[in-house]
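Enquirer: Sharing a model that was predicted from the sequence below.
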Amino acid sequence: MTHPSLYHYADKADVLAACERYWNPHKTRFWQQAGVPLVIGEREDYILRDMDGHALIDVHLNGGTYNLGHRNPELVATLVDALQRLDIGNHHFPAPGRAALAERLLETAPGMSRVAYGTSGSEAIDLAIKSARFATGRRIVVSIVKAYHGHTGLAVAAGDARFSRMFLSDRPDEFIQVPLNDIESMARVLRSHDVAAVIMETIPATYGFPMPVPGYLPEVKRLCEETGALYIADEVQTGLMRTGRLWAIEKHGFSPDILVTSKGLGGGIYPIGALLMTARVGAWLERDGFAHMSTFAGSELGCAVALKVLEITRRDSTRENIARNIRAFEQGLAEIRQRHGDWLKGIRQDGLIIGLEFADAEGAKPVMRELYQRGVWAIFSTLDPSVLQFKPGLLLGAGQVADILARTEDAIAASKPAGAGCAR
Ligand SMILES: Cc1ncc(COP(=O)(O)O)c(C=O)c1O
């Protein structure tokens, strides 16, 4: 259902026609043709309901935006309460919410001493790169082949050319890419260029969660220190307890120079992004605090929601639930793989960040379609569609986990091509 008091469209067909006509024709058509004719209507907990009523368990969560579920009641109450007294505030002035959220974020990351805000992951990434350039006086940024850091100017240039070239926004003279887990290439580039920063998704999400091999990320950080470059940890998808740790980078035993968070930080109800910086990187905030401005960044409403997100996310009960769900998915998926290993050829898992790898270059697409029909929404990886992104919610109950696993096995069995495992 659309909300009758908000919109004038009669039904789903009417919405689709209007989206095709006025909004984004290609995207609107793409999903119809991909077998996912979804227009999200009602949403609650981890359940989405298509306007036609088809219910879906959300295992996409927009990359962690809905870690705590859709319209989490505690977050909604926080926002509604804040709206009785606040609005977004004025970005030129100090505000208690901005200070309190910064204080809380800094408690989570030893070595960090400043926080700056954005309205989104991309904006926070742009500011991370700007801050690194300020701190080093260098311009070059190194990232990973098939990286994804968003779509604003610097963020898009750091990512895959798929998104930058069309807009003439790639900057090959300033942004260099090296393959993940190839430490020799990384060392060569860092030693032969004046690099401001290496930017790494702790686990590359849009590339289908290939895991950094043990020791790789710490060695990248060591090379950064050797060559005077800074290390930016993009935790927009991997942060906020998705791996069972607040920040995925914690597992790797070092502190980055900049850590970027967004998506789940706004609880799916208020957009916000943030970057945590060491004193050196944040020095521009001492010198010229007006050097970067954004009207909506660090809005007082967003800060109120984000504080609550952090509180819920770090609760003992949440941690215990996450640990239990990690074990359940590990075990359940391993069993499914035993039965369908010719099709589900790999499971990439770090906590509740999971990529299901199929034995076909586009294999995640039919699985996505079959899952959709069975009431589960999970998306293929844009930059490697052999992998299905599988991102279960942090607060899922045991019954919901079992339900997701059962439907997933059904969908995998149904999507299996005849002669799966053979090159197609
Ligand atoms: C790892 C990563 N970094 C940055 C971004 C950009 O965030 P946003 O879409 O909020 O601009 C994304 C978005 O998916 C992401 O996955």
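Expert: Perfect, I can see it now.

Enquirer: got a pLDDT number for the residue nearest the centre of the chain?
Expert: The residue lying closest to the centre of the chain (Cα atoms, centre = their mean) is residue 237, at 2.4 Å. Residue 237 carries a pLDDT value of 97.

Enquirer: In contact with it, which residues?
Expert: Contact analysis of residue 237 by Cβ atoms under 8 Å, 6 or more residues apart in numbering lists 63-64, 201, 203, 205, 263, 353. The way it works is simple: take the backbone N, C-alpha and C, and place the C-beta from them, glycine included.

Enquirer: tell me, which of these make contact with the ligand?
Expert: Counting by Cβ under 6 Å from any ligand atom, 63, 201, 205 from those sit close to the ligand.

Enquirer: so the second one bridges to which residues?
Expert: Per DSSP bridges, the residues bridged to residue 201 are residue 234.

Enquirer: Looks like it contacts residue 248 (just checking).
Expert: No. Counting by Cβ atoms under 8 Å, residue 201 sits too far from residue 248 to count as a contact (9.1 Å).

Enquirer: what do those two both touch?
Expert: residue 238.

Enquirer: And the next helix or strand past the helix or strand residue 102 falls within?
Expert: Using DSSP states H and E, the element containing residue 102 is helix 96-107. The helix or strand immediately downstream of helix 96-107 is strand 114-118, counting by DSSP H and E.

Enquirer: Give me the helices and strands touching that next one, please.
Expert: With contacts taken as 3 or more Cβ pairs under 8 Å, 6 or more residues apart in numbering; DSSP states H and E, strand 114-118 sits against helix 96-107, helix 121-136, strand 273-277.

Enquirer: Skipping adjacent residues, who's closest to whichever residue of the stretch 201-350 of the chain sits closest to the ligand in space?
Expert: Nearest residue of the stretch 201-350 of the chain to the ligand: residue 236, at 3.5 Å (Cβ to the nearest ligand atom). Using Cβ to Cβ, 6 or more residues apart in numbering and skipping the chain neighbours, the partner closest in space to residue 236 is residue 121 (3.9 Å).

Enquirer: isn't that neighbour right next to residue 260, touching?
Expert: Yes. Under the criterion of Cβ under 8 Å, residue 121 lies in contact with residue 260, with a separation of 6.9 Å.

Enquirer: all helices for this protein, in order.
Expert: Ranges of helices within the chain are 12-18, 25-33, 73-85, 96-107, 121-136, 153-158, 161-164, 183-192, 216-227, 284-287, 300-314, 316-340, 364-373, 398-415, based on DSSP state H.

Enquirer: who's in contact with the closest residue to the ligand within the stretch 51-200 of the chain?
Expert: Per Cβ to the nearest ligand atom, residue 121 is where the stretch 51-200 of the chain lies closest to the ligand, at 2.3 Å. Contacts for residue 121 (Cβ under 8 Å, 6+ apart) come out as 149-150, 155, 234, 236, 260, 262-263, 273.

Enquirer: Most widely separated two among the residues you listed?
Expert: Using Cβ to Cβ, these span at most 13.6 Å, a distance reached by 155 and 263.

Enquirer: These two: which is more packed in?
Expert: residue 155 (30 against 27; other Cβ atoms under 10 Å).

Enquirer: So how do I select the buried members of the contacts of residue 121 in PyMOL?
Expert: Here the buried members of the contacts of residue 121 are turned into a PyMOL selection, burial being counted by 16 or more other Cβ atoms under 10 Å:
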select buried, resi 149+150+155+234+236+260+262+263+273
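
Enquirer: Pick out whichever of the contacts of residue 121 sits closest to residue 88.
Expert: Nearest to residue 88 among the contacts of residue 121, with distances taken as Cβ to Cβ, is residue 273, at 14.4 Å.

Enquirer: tell me the contacts of that closest one?
Expert: Residues counted as contacts of residue 273 (Cβ under 8 Å, 6+ apart) are 117-124, 236, 260-262, 265, 297.
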